[in-house]
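Asker: Have a look; sequence and predicted model below, questions after that.
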Amino acid sequence: MHAPGRFKKAFMAQLLVSLRAAGEASKSMGLRERRDAVRLSSDVAMALASSARCRASAAAAAPPPPCATWARALVARHAAERGNEALMRRIMGGAGYERAAAAAAATGARKEDRSRRIVRRSRRVLCCRRAGRKSRSSLAASGGGGAMAARSMLRARLQVLRRLVPGGEELRGLSLLSETLDYVACLKTQVELMQRLCKGSPSQQG
């Protein structure tokens, strides 16, 4: 995975920069907008710290951690919302935001193409459904229904992971599992750092 202490330190440094930018931008915001700005800042800080970790591993010729896909996808997801542009430019700089916006546009195009493929595949499935039902019935009669049910359950659970992990729609098999583990570990670090900051805030100390 990664060195937890080093990653936490880099994450905290990026998080403070992001939250400072959010604080400067949120003076005229309502409570809900401020909450969304904090969430955006925390997500972008997590993705940037993770991407920096990947670059450091590449420079050291070490095996890269499985973080490139979800980190890029998370930033692109936020960049796809036009209301986030001003804050993301503060956090990432103009060039960084432009790259994220371009990635968001490319992701949107891929999703449209994927949707068209799904429609075509669904039509083929409908055409073959009757034949499939006959083969499933014969397989169940021969005692192979349990294996088919297990494969169906595995596909369903992998599909859930693809929806939960940013960029998961493009991942398969071990890549999906590796990215999921890394994403969950980073989310855990995110929660720990945010709790630490909340405990050290003046409102909590008072």
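Answerer: Arrived safely, thanks for sending.
Asker: going forward, measure contacts and count neighbours with C-alpha atoms only.
Answerer: OK.
Asker: Could you find the closest non-adjacent residue to A103?
Answerer: A76 (5.8 Å; C-alpha to C-alpha, 6 or more residues apart in numbering).
Asker: What does the pLDDT read for the one you found?
Answerer: A76 is assigned 92 on the pLDDT scale.
Asker: how near is L154 to A147?
Answerer: 11 Å (C-alpha to C-alpha, to the nearest Å).
Asker: Spit out the contact partners of the residue nearest to A103.
Answerer: A100, A101, A103, A104, T107 (C-alpha atoms under 8 Å, 6 or more residues apart in numbering).
Asker: Just the element for it, please.
Answerer: Using DSSP states H and E, the element containing A76 is helix 68-79.
Asker: can you give me how far that helix is from the chain middle?
Answerer: Distance of helix 68-79 from its chain centroid, counting by C-alpha atoms, centre = their mean, to the nearest Å, is 6 Å.
Asker: From one end of stretch 25-32 to the other, what's the distance?
Answerer: End-to-end span of stretch 25-32 (C-alpha to C-alpha): 14 Å.
Asker: Stretch 71-88 too?
Answerer: OK, stretch 71-88 end separation, C-alpha to C-alpha: 15 Å.
Asker: what about A185, neighbour count?
Answerer: 14 (other C-alpha atoms under 10 Å).
Asker: Let me know the pLDDT of it.
Answerer: 92.
Asker: Same check on the one 4 residues further on?
Answerer: At T189 the predicted local confidence, pLDDT, stands at 93.
Asker: I figured it was touching K9, is that so?
Answerer: No. Counting by C-alpha atoms under 8 Å, T189 stays clear of K9, with 10.5 Å between them.
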